[in-house]
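Enquirer: Got a sequence here, can you model it:
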Amino acid sequence: MKAMEKVFSMLAPGGHGEPRNCRARHRIAIIVPYRNRPLHRRLFLYNMHQWLPKQMLDYMVIIISQLGKEKFNRGALMNIGFVEAQKLYDWECFIFHDIDLLPENDRIPYRCLDQPLHLSAAMSKYNYSIPYKKYFGGICAFTKEQFLRMNGFSNDYWGWGGEDDDAHNRVLLAGYSISRYPKSLARYTMLPHANQAGTSNASNCYTPSINETLSKWKKSGLSSLNYHLYSIKFLPLYLSIQVTLMDKGQERLLQNSSDC
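Expert: Okay, the predicted model is just below:
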């Protein structure tokens with residue numbers, strides 16, 4: 001990482017990049033849920049910092065790590081990233097980005113649109129398509145208003161899968177439609193990886209129906225986040241946020257211990 005830090009020495013602490021000689025086109029927070037993928041992290045940071053400055057963006061890469069032994073909760077991590085990012089800067093667009101997806105060209109516009117945007121419309125793993133029409137995983141972009149209106153992602157999906165299809169339903173229930181760039185433009189390479197410990201779950205094969213989302217989308221999401229902020233570090237290439245996730249019982253125990 002030290003060699004990479006020298007290559008991208010123009011970045012401000014926290015992996016914050018902005019144009020030197022002109023006004024930025026957009027203010028973008030790139031929020032990356034993460035656990036135990038150091039090689040992917042290096043490749044991701046190298047690729048993103050190489051080409052994002054070409055788009056004249058004011059941007060920051062925020063990698064939010066889940067500590068503890070609980071199953072991975074991608075939705076909750078992205079919600080936390082959104083909440084914590086707002087405390088730091090006046091971002092106008094929030095891009096939620098899987099760490100194993102690398103853009104194949106620098107012409108994919110990283111910005112928000114009038115409707116929620118699904119960026120990863122053509123992935124190598126699926127022969128440069130999406131696996132099914134409802135698919136909303138990988139990379140998506142929301143304005144602050146859009147994300148608040150849909151109450152963020154569900155916090156109920158532990159292990160990989162489910163939260164992205166639930167988010168698709170939330171977008172529709174919030175009165176939006178989904179935008180996508182042409183497949184000829186939005187092409188991504190998916191890095192290979194073995195299943196991580198704590199990430200496999202029956203939800204891999206589970207697709208929530210719109211009626212299931214309807215019953216809980218206003219109850220589970222930004223409005224029901226429970227987490228302990230372990231650390232925030234402004235590293236040379238990215239902002240590192242480490243958290244542990246809690247249910248109501250864990251939250252009460254933490255509060256009681258802090259009162260002693």
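Enquirer: What ranges does the stretch 151-260 of the chain have for its strands?
Expert: 179-180, 187-190, 227-234, 239-245 (DSSP state E, counting those that start in this stretch).
Enquirer: most tightly surrounded among these?
Expert: strand 239-245 (a mean of 20; mean count of other C-beta atoms under 10 Å). Any C-beta I mention is one placed from the backbone N, CA and C, and that applies to glycine too.
Enquirer: Remind me what that one packs against, helices and strands.
Expert: Applying 3 or more C-beta pairs under 8 Å, 6 or more residues apart in numbering; DSSP states H and E, we find strand 239-245 packed against strand 58-66, helix 74-86, strand 227-234.
Enquirer: OK, contacts around the residue nearest the centre of the chain?
Expert: The centroid of the chain falls nearest to residue 96 when counting by C-alpha atoms, centre = their mean (2.7 Å). Residues near residue 96 by C-beta atoms under 8 Å, 6 or more residues apart in numbering: 31-33, 78, 81, 139-142.
Enquirer: Work out for me the element it sits within.
Expert: strand 93-97 (DSSP states H and E).
Enquirer: Tell me the strands beside that strand, with direction?
Expert: Taking DSSP bridges as the criterion, strand 93-97 sits next to strand 27-34 (parallel), strand 139-142 (antiparallel) in its sheet.
Enquirer: quick one: average pLDDT of stretch 77-93?
Expert: If you average the pLDDT over stretch 77-93, you get 97.
Enquirer: what does it contact?
Expert: For stretch 77-93, using C-beta under 8 Å, 6+ apart, the contacting residues are 14, 26-29, 31-34, 60, 62, 64, 66, 94, 96, 111-112, 141-144, 147, 152-153, 155, 221-222, 225, 227, 229, 232, 239, 241, 243.
Enquirer: Between the two ends of that stretch, how far is it?
Expert: Using C-alpha to C-alpha, to the nearest Å, the end-to-end distance of stretch 77-93 comes out at 17 Å.
Enquirer: List the buried residues in it.
Expert: Neighbour-count burial for stretch 77-93, with 16 or more other C-beta atoms under 10 Å as criterion, is recorded at 77-82, 84-85, 91, 93.
Enquirer: Also stretch 39-52?
Expert: So, applying 16+ other C-beta under 10 Å, buried residues of stretch 39-52: 40-41, 43-45, 47-49, 52.
Enquirer: From the chain's centroid, how far away is it?
Expert: Distance, stretch centre to chain centre, for stretch 39-52: 15 Å (C-alpha atoms, centre = their mean, to the nearest Å).
Enquirer: Now tell me what touches it from outside.
Expert: Contact with stretch 39-52 is made by 1, 4, 7-8, 11, 15, 17, 30, 32, 34, 59, 61, 63, 99-100, 102-103, 106, 110, 191, 193, 237-238, as judged by C-beta under 8 Å, 6+ apart.
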